[in-house]
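>>> here are the coordinates; sequence isn't available:
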């Protein structure tokens, strides 16, 4: 083998060895795991809708009141006998699992029945922390528009069927970007919600402007 060929082979071997060493170093720095795209945090999916509704205290409350902090949303109604109690129990649990800057917002999909007084009783039932977990009611059209803008399913009650609504939780960052959807009936999904919400708190103020 000629000297130029030997030199090229030596250089190529050296580059390969450096690449392997670099991968090992990155693996150690990542705490024993190989960095993945997930380390970049939850992706920006959509813009959350603008809205102004009424909270359980009877005060106007809108998306502008949530600006600057991540928040988790769900859609429930107080007379629901199916998935709503489970969803509200998850929300109650999130109060202790998530950093205090993460707000919780439950939109009523039965605003005619769910007045501020009714929502106050419901909030008390699930030990909602004042100023942390908000229950919103108001015009049905506005509520329907919010559900639609969140890309969730909702069907008002009719003569033959009760209200139908989506069981997913929605994570919104501090700049009003939707970052994820999580099935409230799946424990692994709820764990992922906690992880993603903590990531937002630890790494940024909620996303790019």
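Noted; the coordinates are in hand. Fair warning: this is a prediction, and the values are worked out from it, not measured in the lab. Residues are numbered from 1 along each chain as shown.
>>> name the helix or strand for the most centrally placed residue in the chain, please.
The centre of the chain sits closest to residue 171, judged by Cα atoms, centre = their mean, with a distance of 1.6 Å. Here residue 171 sits within strand 168-172, counting by DSSP states H and E.
>>> domains for the protein, by residue range?
Domain ranges of the chain: 3-35, 42-203, per automatic domain parsing.
>>> just give me the lowest mean pLDDT stretch among those.
Ranked by mean pLDDT, the domains of the chain end with domain 3-35 at the bottom, a mean of 43.
>>> can you report how many residues lie near residue 45?
Here the count is done by other Cβ atoms under 10 Å, and residue 45 has 15 residues near it. (Glycine included, C-beta is placed from N, CA and C.)
>>> state the distance from it to residue 199.
Note on residue 45: its distance to residue 199, by Cβ to Cβ, to the nearest Å, is 15 Å.
>>> okay, helices next: where are they in this structure?
For the chain, applying DSSP state H gives helices covering 3-29, 84-97, 116-125, 140-149, 187-203.
>>> show me what contacts the residue nearest to the centre of the chain?
Residue 171 sits next to 42, 70-72, 178-182, 193, 196-197, 200 when contact means Cβ atoms under 8 Å, 6 or more residues apart in numbering.
>>> would you mind measuring from it to residue 127?
From residue 171 to residue 127 the distance is 22 Å (Cβ to Cβ).
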